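Participant: The following comprises the amino acid sequence and a computationally predicted model.
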Amino acid sequence: MAILKKLTDYSFILETHTGEQLGIIVDYSSGTSDRTGIELFNQDGSFPFNSLSELEEVIGDTFEIQEKSVTDQTVSSKEIEGYPVNDTDLIIGISSDPISGYPTFRKSTRSKKEFIPGWWVVQTGAGGYLARLTLSVDIYNERKDTGEIFGPFKTYMEANYQLKSL
C-alpha cells in the first residue's frame, strides 16, 4: 500500500510502505488554483492526472492517507531534574557538572560531549539572541561569564521572557 503523507490541505508526499519517497502530489481541486486534477512531481519531472484513482491505477497500488501530527516544539516530555530535554535526544550518563552544579547528560554512548538540559537564551554571531533547548557544556564554559547566555530555564515561557527583556 502506498502512503500519502499530508503536507498541507492540498499537497502530499507519496511514499512506498517501506518509506521510500516517490514524489510530491499537488491536488489542485483542493487548493486555491483554477486548475483541476492532481500532479505528481518527482526527479523525472511532473505528471498530471485527473484524479487520485487514476494515479492509483498507474502505480498499481491503493493509497493510505496519513495526517500530519502537529507537535508543540516548546513542550518536552523528557526532563532531568525538572529541566526539559529535546524529545529526540537520547539521555545517557546523567551526572552533575562539578563547575556549574547543573545536571549533564550525553546523547550517545560513544560521545564524550556533555549537554546541560533546559531552555537557554544564547547570543548569536550576528549579535541577536535565540532560545534553544539544551546547551553543550563546552559552550556554557566558554560563555558563562560573558553575558552571551542566560539559563537554564524550566519552561520556554521563562526563556522567552528573558529573551524579550534583552
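Facilitator: That came through, no problem. Residues are numbered from 1 along each chain as shown.

Participant: use CA for all of it now, contacts and neighbours both
Facilitator: Noted.

Participant: Domains of this structure: list them as residue ranges, please.
Facilitator: Following automatic domain parsing, the chain resolves into domains at 2-66, 78-164.

Participant: Tell me how far the shortest one lies from the chain's centre.
Facilitator: Domain 2-66 sits 24 Å away from the centroid of its parent chain (Cα atoms, centre = their mean, to the nearest Å).

Participant: coming back round to it: turn the domains of the chain into a markdown table, including mean pLDDT and mean neighbour count.
Facilitator: Formatted as a markdown table, the domains of the chain follow (pLDDT from 0 to 100; neighbours: other Cα atoms under 10 Å):
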| stretch | mean pLDDT | mean neighbour count |
| --- | --- | --- |
| domain 2-66 | 87 | 15 |
| domain 78-164 | 92 | 16 |
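
Participant: Check which helices and strands the helix or strand harbouring Glu142 is in contact with.
Facilitator: Assigning secondary structure by DSSP states H and E places Glu142 in helix 137-143. For helix 137-143, not one helix or strand is in contact under the criterion 3 or more Cα pairs under 8 Å, 6 or more residues apart in numbering; DSSP states H and E.
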